[in-house]
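Undergrad: Prediction below, plus the sequence it came from.
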Amino acid sequence: MRELIRDIYGTIFEFVRTFGAFQLFFLRLLRYSPKILIGRPGLVIKQIYNTGALSLVIIMVCGFFVGGVLALQGYASLAKFNAEDAVGTVVALALIKELGPVITALLFAGRAGTALSSEIGLMKATDQLSAMEMMAVNPVRRVLVPRFLGGVVSMPLLAAIFSCTGLFGAHVVAVGLLEVDVGAFWQQMRLTVTMSDINEGIFKSVVFGVVASLLAVWEGYNAIPTAEGVGRATTRTVVITAISVLILDFMITTVFL
């Protein structure tokens with residue numbers, strides 16, 4: 001019994017300690033962010049290219065086919081009620097409010113998040129971060145903050161591209177294959193989708209960008225400096241980011257509703 005209590009106490013204590021360290025780490029990143037944006041914007045632009053531009057292929061391909069699948073499923077369901085012309089509205093709301101930000105965040109974690117955590121973890125394993133400290137260079141400011149900001153900026157842009165590509169895929173399937181009237185497809189979408197729906201999607205993508213980028217740099221910076229430790233950190237990045245994104249999506253949707 002005593003051992004069970006001791007284990008529970010140790011688990012709770014470790015969770016509280018890790019959560020506190022995570023919050024302090026986040027505050028350190030926020031502290032240096034304005035200085036990097038103003039003094040070294042080139043570092044941030046380079047990371048926007050690495051995390052954003054290099055992820056465009058997977059984002060656009062997945063967005064196109066997700067939009068196409070939504071059009072097929074939406075048409076099959078709406079045809080039962082003779083409302084096939086509303087398929088554009090259904091796809092737009094699903095992409096802008098939910099699937100766009102969520103799927104983009106999951107793809108971002110799988111492609112860019114793992115790259116960030118493994119890169120930082122490898123720098124730690126090869127003592128590059130320690131060498132920076134020996135040369136009086138703050139590794140948090142020089143390495144972590146630009147990568148964090150690059151992910152935060154890239155995520156909303158990727159989510160917007162995902163949604164636009166998904167709408168194009170839905171148009172190709174609905175209008176080109178299922179022969180839905182093109183005027184009704186876009187007109188009903190324009191009349192139904194409001195600015196509040198777009199704002200919800202933007203807000204979610206920004207929050208998910210902060211969470212995904214923060215977890216990636218946190219796991220990489222705190223990885224055990226071995227090959228196995230870097231691999232575990234990369235795996236934790238994807239798993240924890242996916243769980244966090246889905247939980248936050250539910251919470252944000254509840255607030256907006």
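TA: Looks like it came in fine.

Undergrad: ok, and the closest non-adjacent residue to the most centrally placed residue in the chain?
TA: Per C-alpha atoms, centre = their mean, the C-alpha nearest to the average position across the chain is that of residue 105, at 2.6 Å. Distance criterion C-beta to C-beta, 6 or more residues apart in numbering; nearest residue to residue 105, sequence neighbours excluded, is residue 208 at 3.8 Å. C-betas here are computed from N, CA, C, even on glycine.

Undergrad: Return the residues in contact with that neighbour.
TA: Contacts here follow C-beta atoms under 8 Å, 6 or more residues apart in numbering; on that basis residue 208 touches 101, 102, 104, 105, 108, 155, 159, 245, 248, 249.

Undergrad: Among the residues you listed, which ones are in strands?
TA: Within these, no residue falls in strands by DSSP state E.

Undergrad: can you tell me which of those residues lies nearest to residue 29?
TA: Top of the list for closeness to residue 29, among the contacts of residue 208 and by C-beta to C-beta, is residue 155 at 15.3 Å.

Undergrad: picking that back up, roughly how far does the residue nearest to the centre of the chain sit from residue 187?
TA: For residue 105, the distance to residue 187 (C-beta to C-beta, to the nearest Å) stands at 31 Å.

Undergrad: Now the longest helix along the chain: buried residues?
TA: Identified as the longest helix of the chain according to DSSP state H is helix 2-39. By neighbour count on 16 or more other C-beta atoms under 10 Å, the buried set for helix 2-39 is 25, 29, 32, 33, 36.

Undergrad: Would you mind checking which of these is nearest to residue 49?
TA: For the buried residues of helix 2-39, the nearest to residue 49 is residue 36 (15.8 Å; C-beta to C-beta).

Undergrad: Isn't that closest one up against residue 141?
TA: Yes - applying C-beta atoms under 8 Å, one finds residue 36 in contact with residue 141, separated by 6.8 Å.

Undergrad: can you give me the helices in this protein?
TA: Under DSSP H, the chain gives helices at 2-39, 41-51, 56-78, 87-93, 100-108, 114-125, 128-134, 139, 145-171, 182-192, 195-221, 227-256.

Undergrad: Let me have these in a markdown table, extended by mean pLDDT.
TA: As requested, these are exported to a markdown table (pLDDT from 0 to 100):
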| stretch | mean pLDDT |
| --- | --- |
| helix 2-39 | 83 |
| helix 41-51 | 89 |
| helix 56-78 | 92 |
| helix 87-93 | 90 |
| helix 100-108 | 94 |
| helix 114-125 | 90 |
| helix 128-134 | 85 |
| helix 139 | 86 |
| helix 145-171 | 93 |
| helix 182-192 | 86 |
| helix 195-221 | 93 |
| helix 227-256 | 91 |
